[in-house]
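Trainee: turn this into a structure:
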Amino acid sequence: MSVLPYLVAGWLFLVGCYGLATSRNLIHAVGSLAVCQASTYVLLLAVGYRHGGTAPVFSDIRPGSRPVVDPVVQALTLTDVVVGATLTALLLALVVQVSKRHGTVDPDELRELRG
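Mentor: Coordinates of the predicted model:
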């Protein structure tokens, strides 16, 4: 079992968090959040991977004769991709509206939003 996918997932998450923390642009922040989301794809696929595993269709092989890949993890990854794309689209639409209303995408210049 290789730890490389877990290291890649951790690295992607840290890069995305660094981008969020140092961002001076709302569009860059949304992109950094998408990178954090991509780390969950890698992590889910690493958890569900089986070396030598086949598709979980048992019409041509006897059950238990070969390892199969977990289909639940694949379904969760697909759901994660859809939720990530939806969240990114929603946040970018909000950034466009903030840019139209305030004329900037710099979070420090949005004085009206402070409490």
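
Trainee: so where's this protein shaky on pLDDT?
Mentor: For the chain, the stretches flagged by pLDDT under 70 are 1, 58-61, 63-64, 112-115.

Trainee: centroid-nearest residue for it?
Mentor: Gln37 (1.9 Å; CA atoms, centre = their mean).

Trainee: skipping its backbone neighbours, what lies nearest that residue in space?
Mentor: Gly84 (4.1 Å; CB to CB, 6 or more residues apart in numbering). (Each C-beta comes from the backbone N, C-alpha and C, glycine too.)

Trainee: does that neighbour count as helix, strand or coil?
Mentor: helix (DSSP: H, G, I helix; E, B strand; the rest coil).

Trainee: tell me the spacing between it and Gly10.
Mentor: Distance of Gly84 to Gly10, computed by CB to CB, to the nearest Å: 18 Å.

Trainee: neighbour-wise, which of the two wins?
Mentor: Applying other CB atoms under 10 Å to Gly84 and Gly10 shows that Gly84 carries more neighbours, namely 17 against 14.

Trainee: so how far is Gly52 from that one?
Mentor: According to CB to CB, Gly84 stands 30 Å off from Gly52.

Trainee: repeat for Arg62
Mentor: Distance from Arg62 to Gly52, by CB to CB: 16 Å.

Trainee: please consider this matter closed, and thank you.
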